[in-house]
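S.K.: Output the structure for:
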Amino acid sequence: MCKHNQISNIDIQEFLLKNYSNSEMFLDNNNCDEFKIYVGAGTCGLGAGAGKTIAKIESITQDFDSKPKIYKVGCIGICALEPIVDIKLSGMARISFSRVTETEVEELLKKVLKGEIPTGSVIGQFKNGNDKLWENVPLLSEHPFFKKQKRWVLENCGIIEPTNIDEYLSHGGFKSLAKTLCEFTPAQVCDYIEQSGLKGRGGGGFMTGLKWKLANKVDSDTKYLICNADEGDPGAFMDRAVIEGDPYKLIEGITIASYAIGAEKAYVYIRAEYPQAIRHLKESIGKAMELGLLGNNILGKGYNLEIKIKMGAGAFVCGEETALIGSIEGKRGMPRPRPPFPTEAGLFGKPTCINNVETLANVPVIMRIGADKFAEVGTKTSKGTKVFALSGNITNTGLVEVEMGIELKDIIFDIGGGIPNGKKFKAVQIGGPSGGCIPMERIDIKIDYESLKTVGAMMGSGGLVVMDETACMVDVAKFFMEFIQKESCGKCIPCREGTKRMLEILNKITSSPHKGASAEQLERFQSIMNLQNLATVIQDTSLCGLGKSAPNPVLSTLRWFKHEYEEHIYEKKCSTKKCKELLRYSIIQDNCTGCSICMKNCPTGAILGTLKHPHYIVDEKCISCGACVDVCNFEAILVE
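M.R.: You can find the predicted model right below:
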């Protein structure tokens, strides 16, 4: 309901201190009668053309009698439908439209202003307060993508203007911080978070409250809190979307966590490849300080906190907490032996607590709804929700937030919309390079920390890369091993040399053997055994968690798709035709007209023949480049 009480006319600190326990008391900075347009302007939206859409909206509405207020919001999650434009007319529900490019936005506005809704582009409408619902328009919450989600971390993403602190306050922002500073001692906050069952969402799954307790109990004049936003997994973009879409929630979570462990300085370690997230974070930190929600004497309660942003150079290893600490200190990012653990001696030798973005974004939710209510969601050992980034061969690419314990098939086929282009599902890589592949026969597995381990996978940070039937799982394992080997810091021999050797074996398996090279043939036959033995050594002896988990993609594909390895090794072929060096090219004599265009374009002279007579390919000279396929106009090249 709109109360018309302008935030700018209110003492924010006084309001928060008086009303933090009243869940019904919200500040409303909006005029209910305003004509509003919301455009998804996260990185995914801008990449789909949202910038041009915004410019077009500004151009065509400048002469309107009633000018709309234009909000640039973050990603609501369903990236596949960007650019997304929401329109809210006076007294009517906000309604969301998909794929609104600059060429379509003018016609859309004309129709909506007339009360006509182009149903083909409608995603859904928001049910909010006293707004009148549109007839024959489904609710956004009933859309298949959103229906099975439970949005706590992502509750404001795509809804509010990210850096507008008034918007965040109007949605109950910073009430959790006020409640924490007024009602809890630091030790009690640690107990409360432990009671909630929140585990670290960065991959390790360590109990967050227990980690805070360990840091809280250490007697030190200086302590640090670090937010790990160094999101380096291929296919993962959860942290970026949260910071771009709701930076104040992260700031509030960091402040509560810092108070709990006794830190007065916090760092956000974020990769420099996230420029928009960094801009939003910097602007939001500045505004929070202006209102006394950061800095000295926060909310008049005597607690001080400074948040600094440290940009990383994109090294995957700096996602490991001790390497991250080294990077902040100005050193090369390399893991350190433990103990001592960071909670005892971390940044600059002082007690340090490290949590990732999603973990800290859960904290204001827990303090608001209560630890018990948070613990009611999820499974016995995995509480709350988890954010996943859906990418790959999936219809609805984007961000989803689901209850722990949901079955994987519900995410893939219901929320994700299944596999496009009539293809069949083959596997999903979960947990990034440190995770594993899950096949169709285990698609009903529950998503929680313990269940995933039973199939050789792990939660990781939350990337879900979906693969259809055209994927070669040996090639997939090689891709992740190339990534791991390239990103290895090189400090310990098992990871540095072991991953290199595993990659060499995978390259041999996916390449064509030299004719008559008996030693090479023997190496191919020994490959599976060598891969498994190497993987065990790397897991047992690597220095850090990244090294120990490096073989996971290979081990999981060996476990579930061993027949594909055997096909590559023994039959020297790739049935999916992804491993090009194993392809065999021949000419269909009946189709060949002898035009010689293939012979002229063959780089190795492997094609022989005379003009106007069928040609043939010499296997020993063919390098499987596919140039003949590209130039043949008669479909005379057979690829097997």
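
S.K.: nearest residue to residue 634 other than its sequence neighbours?
M.R.: Nearest residue to residue 634, sequence neighbours excluded (CB to CB, 6 or more residues apart in numbering): residue 591, at 5.2 Å. The way it works is simple: take the backbone N, C-alpha and C, and place the C-beta from them, glycine included.

S.K.: Could you report the distance from the one you found to residue 219?
M.R.: Distance of residue 591 to residue 219, computed by CB to CB, to the nearest Å: 82 Å.

S.K.: Show me which positions of the longest helix along the chain end up buried.
M.R.: Once the chain is assigned using DSSP state H, the helix that runs over the most residues is helix 518-541. Across helix 518-541, burial judged by 16 or more other CB atoms under 10 Å covers 523, 524, 527, 528, 531, 534, 535, 538, 539.

S.K.: tally of neighbours for the closest residue to residue 220 other than its chain neighbours?
M.R.: Counting by CB to CB, 6+ apart, residue 220 lies nearest to residue 351, which is 5.0 Å off, once chain neighbours are set aside. By the measure other CB atoms under 10 Å, the count of residues near residue 351 is 26.

S.K.: Show the model's pLDDT score for residue 351.
M.R.: For residue 351, the model assigns a pLDDT of 97.

S.K.: likewise residue 248?
M.R.: 98.

S.K.: Torsion angles phi and psi at it?
M.R.: Backbone geometry at residue 248, expressed as degrees, to the nearest 10, gives phi -70, psi -30.

S.K.: Hmm, it is touching residue 175, no?
M.R.: No: in this structure residue 248 lies outside contact range of residue 175 using CB atoms under 8 Å: 11.8 Å.

S.K.: just checking, what packs against the lowest-mean-pLDDT helix or strand in the chain?
M.R.: Sorting the helices and strands of the chain by mean pLDDT, DSSP states H and E puts helix 518-541 at the bottom, at a mean of 79. Contacting helix 518-541 under the criterion 3 or more CB pairs under 8 Å, 6 or more residues apart in numbering; DSSP states H and E are the following elements: helix 493-509, helix 545-549, helix 552-560, helix 562-566.

S.K.: what's the most buried one of the ones you listed?
M.R.: Highest mean neighbour count of the helices and strands packed on helix 518-541: helix 552-560, a mean of 24 (counted as mean count of other CB atoms under 10 Å).

S.K.: just the angle between that one and helix 518-541, please?
M.R.: Helix 552-560 and helix 518-541 are oriented at 110 degrees to each other (axes from the mean of the first three to the mean of the last three CA atoms, to 10 degrees).

S.K.: and helix 552-560, how far from the chain's centre?
M.R.: How far helix 552-560 lies from its chain's middle: 22 Å, per CA atoms, centre = their mean, to the nearest Å.

S.K.: any idea what residue 72 is structurally, helix, strand or coil?
M.R.: strand (DSSP: H, G, I helix; E, B strand; the rest coil).

S.K.: Can you report how many residues neighbour residue 136?
M.R.: Neighbour count for residue 136, taken as other CB under 10 Å: 8.

S.K.: so who does it touch?
M.R.: By CB atoms under 8 Å, 6 or more residues apart in numbering, the contact set of residue 136 is 117, 119.

S.K.: do you know how far it is from residue 117?
M.R.: From residue 136 over to residue 117 the distance is 8 Å, taken as CB to CB.

S.K.: doesn't residue 217 make contact with the residue nearest to residue 220?
M.R.: No: assessed by CB under 8 Å, residue 351 is found out of contact with residue 217, at 9.1 Å.

S.K.: Residue 409 sits in which helix or strand?
M.R.: Using DSSP states H and E, residue 409 maps to helix 408-409.

S.K.: no, scratch that, I was asking about residue 421
M.R.: Applying DSSP H and E, one finds residue 421 in no helix or strand.

S.K.: Can you check the pLDDT for it?
M.R.: So residue 421 comes in at 93 (pLDDT).

S.K.: can you check residue 30 too?
M.R.: With respect to pLDDT, residue 30 scores 57.

S.K.: Ok, the one 10 residues further on next?
M.R.: According to the model's per-residue confidence, residue 40 sits at a pLDDT of 96.

S.K.: Return the distance of it relative to residue 50.
M.R.: Going from residue 40 to residue 50 by CB to CB gives 6 Å.

S.K.: swap in residue 288?
M.R.: Residue 288 sits 26 Å away from residue 50, taking CB to CB as the criterion.

S.K.: rewinding a little: what do residue 40 and residue 50 both touch?
M.R.: Taking CB under 8 Å, 6+ apart as the criterion, residue 40 and residue 50 both touch 82, 83, 84.

S.K.: Measure how buried the residue lying closest to the first one once chain neighbours are set aside is and give me the count.
M.R.: Translated: residue 82. Nearest residue to residue 82 in three dimensions, chain neighbours excluded: residue 48, at 3.8 Å (CB to CB, 6+ apart). Residues lying near residue 48 (other CB under 10 Å) number 21.

S.K.: Surely residue 48 is in contact with residue 83?
M.R.: Yes: applying CB under 8 Å, one finds residue 48 in contact with residue 83, separated by 5.0 Å.

S.K.: Mutual contacts of these two, please.
M.R.: Residues touching both residue 48 and residue 83 (CB under 8 Å, 6+ apart) are residue 99.

S.K.: need the contact list for residue 444.
M.R.: So residue 444 contacts 407, 408, 409 (CB under 8 Å, 6+ apart).

S.K.: How about the contacts made by the first one?
M.R.: Just to be clear, that refers to residue 407. Taking CB under 8 Å, 6+ apart as the criterion, residue 407 is in contact with 443, 444, 445, 446, 447.

S.K.: Ramachandran angles for the first one?
M.R.: Comment: the main-chain dihedrals of residue 443 come out as phi -70, psi -20, following degrees, to the nearest 10.

S.K.: what's the spacing between residue 503 and residue 49?
M.R.: 38 Å.

S.K.: How about residue 232?
M.R.: Residue 232 sits 27 Å away from residue 49, going by CB to CB.
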